[in-house]
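1. I'll drop the sequence and a predicted model, then ask my questions.
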Amino acid sequence: MLVFYLSAALMVWLGALSLRGGFRFLAYFKQEIAKPLSNFAPYVSIIAPCRGLDEGLRENLAALFQQVYPAYEIIFVVDDEHDAAVSVIQAVAQSNSKLVVAGKAANCGQKVHNLRQGVLEIDRQSEVLVFVDSDARPDENWLRFLVAPLEDEKIGAATGYRWFISTRGSFASELRAVWNASIASALGAKTEKNFCWGGATAIRRETFEQFDMREKWNGTASDDFALTNVLQNAKLPIYFVPNCLTASVEDCTLRELLEFSTRQMKITRVYARRLWKASLIGSFLFTAIFWTGVFLTIFRAFSGLSFWLPLAFLTIIFALGALKAWLRLKAVKLVLPNYRHQLNHSAFWQLTLWTITPALYFYNSLCAAFSRQILWRGILYQLKSPAETIIKLQ
């Protein structure tokens, strides 16, 4: 019992620290939202790699043409002219867009290959490159907000992040949203700790070319981790833009959830090993301590023994985590007002499922310890190293 109480006390302390981070997260959102919109709006090239039919793909791509921005182009890149996404791209295409067929990747991720081909097609007048995922649905001011921080030439890149919005409210979809939410709240004011998300990243063309990023992508499977590592090694700040928290409107099955979350952790192990280790250890400790406490409390209650102290520890731990989740959701509602109904509907899950996601993180991290093989958009990869990717099956 003493071991449990000491461990539970540690969890309370860590929970308090995490809650403090939740207050900072909300404060950062309010601070950034209050800033006036910058007039900095150079010509931008948006590069959108596509493969297959994402749920709501037409709406996602159409949103790129609805940006309130003076002048920009959109470069859609596919690996095959017969890809299912091509017909959707052609249906929404306008005069400021083009379609590039990159062909099959040979020694890197297909998305990375598409990006490497896309940057060769940008307009000569382009000053900023923006990378976007086909499963993201940005609002009309997304591009303006994303580019604005680059007015400061000392900024390495500006980034947003995803927030999963479930259309049917299935358990697996809500669990994925909560799993992903903990990563979103790792972003904030500390630019040296932020990371680029490939679904919403802006970088000056000059910076991209200065670091020969196209060549550094060669052999990689993760465009955003590779870019993040280059900028962090150069000690260039990565600016998180709360207004560019982007909705990913889709559902998933339990199998798809496990595939997605495990893939992310396998990639993390290869490109950010220390982060993977921290996830492995941290998720194990929380799962072991919290759920041991649950079973211990139930056992003592049914055995006629005093259970108030373990129950008190569990209540405090849960309250701290639930309050952190509430603060995070409150922040998200500020920047995704069009999805307030769905966010309100997901509140119960956000306040409760965070007790389960550490077990999922532990499962993901454990899988990553024994395998570097991932399936991504129908292609099987072996991640040998951060700069070496083997395509096993296309």
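-> Great, that's in hand.
2. The residue lying closest to residue 271 once chain neighbours are set aside: neighbour count?
-> Distances taken as Cβ to Cβ, 6 or more residues apart in numbering put residue 225 closest to residue 271, at 3.7 Å, once the chain neighbours are dropped. For every residue, glycine as well, the C-beta is placed using N, CA and C. Using other Cβ atoms under 10 Å, residue 225 has 20 other residues around it.
3. pLDDT of the helix or strand encompassing residue 225, averaged?
-> Residue 225 is part of helix 223-233 when elements are defined by DSSP states H and E. Helix 223-233 carries an average pLDDT of 97.
4. Tell me which residues are up against it.
-> Helix 223-233 is contacted from outside by 109, 111-112, 115, 131, 156-157, 192, 195-198, 201, 203, 211, 213, 216-217, 220, 238, 267-268, 271-272, 386, using Cβ atoms under 8 Å, 6 or more residues apart in numbering.
5. what separates residue 390 from residue 105, distance-wise?
-> 11 Å (Cβ to Cβ, to the nearest Å).
6. Mind checking which of the two has more residues around it?
-> Neighbours per residue (other Cβ under 10 Å) separate residue 390 from residue 105, with residue 105 holding more: 21 against 15.
7. For the more buried one, report the pLDDT, please.
-> 97.
8. need the contact list for the spatially closest residue to residue 339 that is not a sequence neighbour.
-> Closest residue in space to residue 339, ignoring its immediate chain neighbours: residue 165 at 5.3 Å, by Cβ to Cβ, 6+ apart. Residue 165 makes contact with 177, 247, 248, 249, 250, 336, 339, 342, 343, according to Cβ under 8 Å, 6+ apart.
9. Okay, and which of those residues map to helices?
-> Cross-referencing the contacts of residue 165 against helices under DSSP state H gives 177, 342, 343.
10. For the residue nearest to residue 69 when sequence neighbours are not counted, what is the enclosing helix or strand?
-> Nearest residue to residue 69 in three dimensions, chain neighbours excluded: residue 143, at 4.7 Å (Cβ to Cβ, 6+ apart). For residue 143, the host element (DSSP H and E) is helix 142-147.
11. Tell me what angle the helix or strand following that helix forms with helix 223-233.
-> Counting by DSSP H and E, the next helix or strand C-terminal to helix 142-147 is strand 157-165. With axes from the mean of the first three to the mean of the last three Cα atoms, to 10 degrees defining the directions, strand 157-165 sits at 140 degrees from helix 223-233.
12. What is the distance between the helix or strand residue 284 falls within and the centre of its chain?
-> Residue 284 is located in helix 273-302, with elements delineated by DSSP H and E. Chain-centre distance of helix 273-302: 25 Å, with Cα atoms, centre = their mean, to the nearest Å.
13. got it, and stretch 68-77?
-> 23 Å.
14. cool, stretch 123-131 as well?
-> On Cα atoms, centre = their mean, the centre of stretch 123-131 falls 23 Å from the chain's centre.
15. Same question for stretch 37-48.
-> The answer for stretch 37-48 is 21 Å, by Cα atoms, centre = their mean.
16. Which positions in that stretch come out as buried?
-> 41, 42, 43, 44, 45, 46, 47, 48 (16 or more other Cβ atoms under 10 Å).
17. Lovely, talk soon.
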